[in-house]
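*Asks:* coordinates for the following, if possible.
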Amino acid sequence: MLQCDTVEAQRMMRDAFPTRRTGSVKASIYQAYRALKPLLIKDFTPRRARSIWEGAARRIDGEEMDALRQLKIMEARREREEVSERLAQLDAALALLDQATASGSLAA
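*Replies:* Okay, the predicted model is just below:
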């Protein structure tokens, strides 16, 4: 069962801090460390963050799992907001194209 916790924690950390956003694994691990440290009562180090990222942690505390869940939710909200903004931009661009196409049709 503990092995399942480490795999789940690894997955949550990678979901919350994707390398496509940070640019590298090292940056993702560091951001995870910076985000998790204030949420945890226990001493949390960059080395601990790396061991969770790599799936090498022997155990995962409940406090760490709760913090990872919270961060994963925050990342999902951030990503949803980003997608909503992008959709709004695309809708505006399509509206301009439709307007230009309609004007071109009337001129012809």
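
*Asks:* quick one, longest helix in this protein?
*Replies:* Ranked by number of residues, the top helix in the chain under DSSP state H is helix 62-107.

*Asks:* average pLDDT for it?
*Replies:* Mean per-residue pLDDT for helix 62-107: 88.

*Asks:* other SSEs contacting that helix?
*Replies:* Applying 3 or more Cβ pairs under 8 Å, 6 or more residues apart in numbering; DSSP states H and E, one finds that helix 62-107 makes contact with helix 2-16, helix 25-36. Every C-beta, even on glycine, is put in place using the N, C-alpha and C of the backbone.

*Asks:* quick check: buried residues in the first one?
*Replies:* It stands for helix 2-16. The neighbour-count criterion (16 or more other Cβ atoms under 10 Å) identifies 5, 6, 9, 10, 12, 13, 14, 16 as the buried residues of helix 2-16.

*Asks:* arrange these in JSON lines, one row each, with pLDDT as further columns.
*Replies:* Below are those laid out as JSON lines (pLDDT from 0 to 100):
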{"residue": "5", "pLDDT": "88"}
{"residue": "6", "pLDDT": "92"}
{"residue": "9", "pLDDT": "94"}
{"residue": "10", "pLDDT": "94"}
{"residue": "12", "pLDDT": "93"}
{"residue": "13", "pLDDT": "94"}
{"residue": "14", "pLDDT": "93"}
{"residue": "16", "pLDDT": "91"}
